[in-house]
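>>> Fold the following.
(one chain, ligands or ions: 2)
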Amino acid sequence: MAETNLRFQGGFPKIGIRPTIDGRRRGVRESLEEQTMNMAKATAKLLSETLRYPNGEPVECVIADTCIGGVAEAAACADKFLKSGVGVSITVTPCWCYGTETMDMDPSIPKAVWGFNGTERPGAVYLAAVLSGYAQKGLPAFGIYGEQVQDAGDTTIPDDVRDKLIGFARAGLAVAYMRGKSYLSMGSVSMGIAGSIVNDAFFQEYLGLRTEYVDMSEFVRRMEEGIYDGEEYEKALAWVKENCIEGPDNNPESIQTSRESKDKDWETVVKMTQIARDLMVGNPRLAELGFGEEAMGHNAIVSGFQGQRQWTDHFPNGDFMEAMLNSSFDWNGIRAPYIVATENDSLNGAVMLFGNLLTNTAQIFADVRTYWSPDSVERVTGHKLEGAAEGGILHLINSGPATLDGTGEQSRDGQPVMKPFWEITEEEAQKCLDATSWRPASVEYFRGGGYSSDYLTRGGMPMTMSRLNLVKGIGPVLQIAEGYSVDLPQDVHDTLDKRTDSTWPTTWFAPKLTGEGAFRSVYDVMDNWGANHGSISYGHIGGDLITLAAMLRIPVHMHNVPEDRVFRPRAWGLFGTADAEGADFRACSNFGPLYK
Ligand SMILES: C[C@H](O)[C@@H](O)[C@@H](O)C(=O)CO
Ligand SMILES: [Mn+2]
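Ligands and ions are numbered 1, 2, ... in the order given. Alright, predicted model coming up:
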């Protein structure tokens, strides 16, 4: 197993499993011990076999030492979980148990209860009873029970239960991973973009993240005083010369920079990449070089770089740095991405983090630039959009730096995908690099030069675009659009791309339409997008994002996820069942942020 990177130093939270039981001795409890403990073991096995930590290792589960028949055993279990670093709890039972006497009372741990759907000893009755207790005490919990009745001796986990256990655990682990880490703001507000007003109350109360702030002058200090690993720098620059293809300069000749200045830019952007990473997660090499304080980093699990304009008006832009740190490989080999938001758009950074923690894959940061209606495309190119693109497409393109994994040059079963780093081969990493050219930055925008990554995402990938916005009076709200990347004929792409800045990476995205609300048309999706940016994940992960958002009490104001993939705490139904979107808002506002 390849090492990940320092982003996850400090280890990973575990999943705690709590087998609860009817406490009555002399018959009842004894008859249930084995079956109850077996449910716990089966759940642990399922989750460890299915889920992986961001370093690729199987997720670890901890089971209570005994079945929990009452409060003393509940407390012993809580103690064990605390000592073992449990971040998510799942209670399992095939039988009736005593609700409030056996429940998990830790308010910050996402919790679920699986009540076995059998009728000999009714686990689903306990489930209903304890969930009412959780609601009454303001501790939202997820309820799980199978649709089909199982026989008492059946030790299998039905598919519907399995999906819910996995969906819950995946989102719960994301909550637990981020808690206690930092968002590192490198610079301040970029060009008046509200998302780059890094809001400490949001990060602290909703995500459990500290916000750290460094001025961009720190990059200059570290470059000028040599506070980076010089050996790594030489290796990185040689690797860049070998692997990063410099594309043509798109600037009018009169403002093109000299060869000498372009070469200097390569040196600067490589150093910027090392420095941003060291600022985020530290680097033990710096301590060896005599920079003990700088070696520590900021414990950042996500960061943002302001760039425009104070930096980019004078220095090379951050595109190379952001693109490389957001990718699953660099000169040190294949490794987990670091997650850096462009323009310090911390709210896009937050959803990039969600997508990354839910999937262990890299995330595309993009401007949601243009809605191209079928008529507009036809007018400009003569081409009639078809297939997934039939209803129109969104041009996702940002000023330079989307993850190179977003080229779609990794594959599974012959299809383009974005994989967790441990599945990516050397050959695939190379293909992503080969599909990217580094274009001298548009000097009118970026007076300090630099390089923008230029590529075109391969079509046919299921993708999910999401975005978090802050609304005064409500707090954070999340929007989610599942869809597909699409291929356009090369000449059609070229015509559309050349109308914008063709030195930037493009993803053509077709959201799935439902015929309702914001998903009536592609135009409506664009018209309802809450800000200039979106984060794009590989796969249809809208269900997982909804589950995670509910755990964090962030309401979802727009999504196109089919109902059978929406899984929220049971208490959400108590805020209304006919209008799930409104109920979500009411529930989130009622329970309030997780860490308040
Ligand atoms: C170069 C431009 O300033 C772009 O960076 C700008 O259009 C944005 O990306 C805004 O989000
Ligand atoms: Mn932007």
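
>>> can you give me the strands for the stretch 401-550 of the chain?
Assigned by DSSP state E, counting those that start in this stretch, the stretch 401-550 of the chain shows strands spanning 410-412, 415-417, 437-440, 451-454, 462-471, 475-485, 506-511, 533-538.

>>> can you list contacts of stretch 368-381?
With C-beta atoms under 8 Å, 6 or more residues apart in numbering as the contact definition, stretch 368-381 has outside contacts at 383-385, 390-398, 465, 491-492, 495-496, 499-500, 522-523, 525-527, 529, 532-534. Backbone N, C-alpha and C define where each C-beta goes, glycine included.

>>> Ignore what I typed, I meant stretch 573-590.
Stretch 573-590 has contacts (C-beta under 8 Å, 6+ apart) with 135, 140, 474, 550, 553-557, 563, 566, 568-569, 571-572.

>>> Likewise for stretch 124-140?
Stretch 124-140 is contacted from outside by 20, 91, 93, 95-97, 99-100, 102-103, 105, 107, 111, 113-117, 141, 143-145, 550, 569-572, 574, 587, 591, using C-beta under 8 Å, 6+ apart.

>>> what about the closest residue in space to Asp544 that isn't next to it in sequence, which helix or strand?
Counting by C-beta to C-beta, 6 or more residues apart in numbering, the nearest residue to Asp544 once its immediate chain neighbours are dropped is Leu358, at 4.7 Å. Assigned by DSSP states H and E, Leu358 belongs to helix 346-359.

>>> Next: Glu231.
Using DSSP H and E, Glu231 maps to helix 230-243.

>>> The stretch 451-596 of the chain: helices as residue ranges?
Secondary structure of the stretch 451-596 of the chain (DSSP state H, counting those that start in this stretch): helices at 490-498, 522-527, 542-552, 580-591.

>>> any idea of the angle the helix holding Leu358 forms with helix 542-552?
Angle, helix 346-359 to helix 542-552, by axes from the mean of the first three to the mean of the last three C-alpha atoms, to 10 degrees: 110 degrees.

>>> what about the closest residue to ligand 2 within the stretch 351-500 of the chain, distance to ligand 1?
Residue of the stretch 351-500 of the chain nearest ligand 2, by C-beta to the ion: Asp367 (4.3 Å). When distance is defined by C-beta to the nearest ligand atom, to the nearest Å, Asp367 is 5 Å away from ligand 1.

>>> doesn't that residue fall inside a strand?
Yes: counting by DSSP: H, G, I helix; E, B strand; the rest coil, Asp367 is part of a strand.

>>> what helices or strands is the helix holding Leu358 leaning on?
On a contact count with 3 or more C-beta pairs under 8 Å, 6 or more residues apart in numbering; DSSP states H and E, helix 346-359 meets helix 159-178, strand 182-186, strand 300-305, strand 340-342, strand 462-471, strand 533-538, helix 542-552.

>>> and the protein, which residues reach ligand 1?
Residues of the chain lying close to ligand 1 (C-beta under 6 Å from any ligand atom) are 308, 343, 367, 398-399, 445, 532.

>>> quick one, strands of the stretch 1-150 of the chain?
Counting by DSSP E, counting those that start in this stretch, the stretch 1-150 of the chain has strands at residues 14-19, 61-63, 86-93, 111-115, 142-144.

>>> do you know which of those lies nearest Ile275?
For Ile275, the closest of these is strand 86-93, at 31.4 Å, according to C-beta to C-beta.

>>> any idea of the mean pLDDT for that closest one?
Averaged across strand 86-93, pLDDT comes to 98.

>>> cool, and stretch 168-188?
Averaged across stretch 168-188, the pLDDT comes to 98.

>>> Just the terminal-to-terminal distance for it.
Using C-alpha to C-alpha, to the nearest Å, the end-to-end distance of stretch 168-188 comes to 35 Å.

>>> For the residue of the stretch 401-550 of the chain found nearest ligand 1, give me its contacts.
Residue of the stretch 401-550 of the chain nearest ligand 1, by C-beta to the nearest ligand atom: Tyr445 (3.8 Å). Residues counted as contacts of Tyr445 (C-beta under 8 Å, 6+ apart) are 308, 312, 399, 501.

>>> Now tabulate those residues in TSV and tack on pLDDT.
Below are these laid out as TSV (pLDDT from 0 to 100):
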residue	pLDDT
Gln308	97
Thr312	98
Ser399	74
Asp501	86
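
>>> from those, which single one is nearest ligand 2?
Ser399 (5.4 Å).

>>> For burial, what's the neighbour tally of the closest one?
Other residues lying near Ser399 total 25 when counted by other C-beta atoms under 10 Å.

>>> And the pLDDT for the residue nearest the centre of the chain?
Note on the chain: the residue nearest the mean C-alpha position is Gly355, at 1.9 Å, using C-alpha atoms, centre = their mean. Per-residue pLDDT puts Gly355 at 98.

>>> In this structure, which residue sits closest to ligand 1?
Taking C-beta to the nearest ligand atom, the chain has Ser399 as its residue nearest ligand 1, at 3.1 Å.
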